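Chemist: I'll drop the sequence and a predicted model, then ask my questions.
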Amino acid sequence: MAGARTFDTPMEQNRKYFTSHELDSSMQQAQRNVPANTLLIDPNEYQRLVAVQSLSQFMHDPKASHMDAAIRVVKYIKRSPDQGILLKPTDSFSITAYCDSDWAACPMTRRSINGYCIKLGASLLSWKS
């Protein structure tokens, strides 16, 4: 993929990835221009490539659209080689996770607000807020 074009974002915004053959078939019948989304013949290539949470849920039955999305992530990473997760040198390889939620905290919608962070030693690995 050395000569592949790069992307500004890791995944297409608002793109839905379907998991069942039945759902794929019904979507294709309902919408005329939906491309076929076949199972990959050899899922090993997809399974070696994928480390993104939203794509890793399809590890057992990856489809062509899932592989296309994984390739897009690679092209995004290629565009930003200087970005990544900084792992600080440490003696500790312990994983620590914190989470917080505030039930019905949003004054407009009464929706809950929550977030989490996961650390390896002193290095932040994942977060959501």
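Modeler: Received the coordinates, thanks.
Chemist: sketch out the low-pLDDT regions of the chain for me.
Modeler: Counting by pLDDT under 70, the chain contains low-confidence ranges at 16-37, 51-53, 83-86, 106-108.
Chemist: centre-most residue in the protein?
Modeler: To find the centre residue of the chain, average its C-alpha atoms and take the closest one (Cα atoms, centre = their mean): that gives residue 54, at 3.1 Å.
Chemist: how does this protein divide up, domain by domain?
Modeler: According to the domain assignment given by automatic domain parsing, the chain is divided into the following structural domains: 21-79, 95-128.
Chemist: residue 10 is nearest to which of the ones you listed?
Modeler: Of all the domains of the chain, domain 21-79 sits nearest to residue 10, with 4.2 Å by Cβ to Cβ. No exception for glycine: its C-beta is placed from N, CA and C like everyone else's.
Chemist: and the next element down the chain from the helix ranked longest in the chain?
Modeler: Once the chain is assigned using DSSP state H, the helix that runs over the most residues is helix 64-79. Following the chain from helix 64-79 toward its C-terminal end, the next helix or strand by DSSP states H and E is strand 95-102.
Chemist: most tightly packed of the domains of the chain?
Modeler: Sort those by mean neighbour count, taking mean count of other Cβ atoms under 10 Å, and domain 21-79 sits at the top with a mean of 14.
Chemist: follow-up on the earlier one: now the longest helix of the chain, how far from the centre of its chain.
Modeler: Centre-to-centre, helix 64-79 and its host chain are 10 Å apart (Cα atoms, centre = their mean, to the nearest Å).
Chemist: packing partners of it?
Modeler: Counting contacts by 3 or more Cβ pairs under 8 Å, 6 or more residues apart in numbering; DSSP states H and E, helix 64-79 packs against helix 44-49, helix 53-56.
Chemist: what lies in contact with the last one?
Modeler: So that's helix 53-56. Contacts made with helix 53-56 from outside it, assessed by Cβ atoms under 8 Å, 6 or more residues apart in numbering, are listed as 11, 17, 50, 66, 69, 70, 73.
Chemist: please apply the same query to the first one.
Modeler: Contacts with helix 44-49, where a contact means Cβ under 8 Å, 6+ apart, come from 40, 58, 59, 62, 66, 67, 70, 71, 74.
Chemist: can you tell me how far the first one sits from residue 65?
Modeler: Using Cβ to Cβ, to the nearest Å, we find residue 40 at a distance of 10 Å from residue 65.
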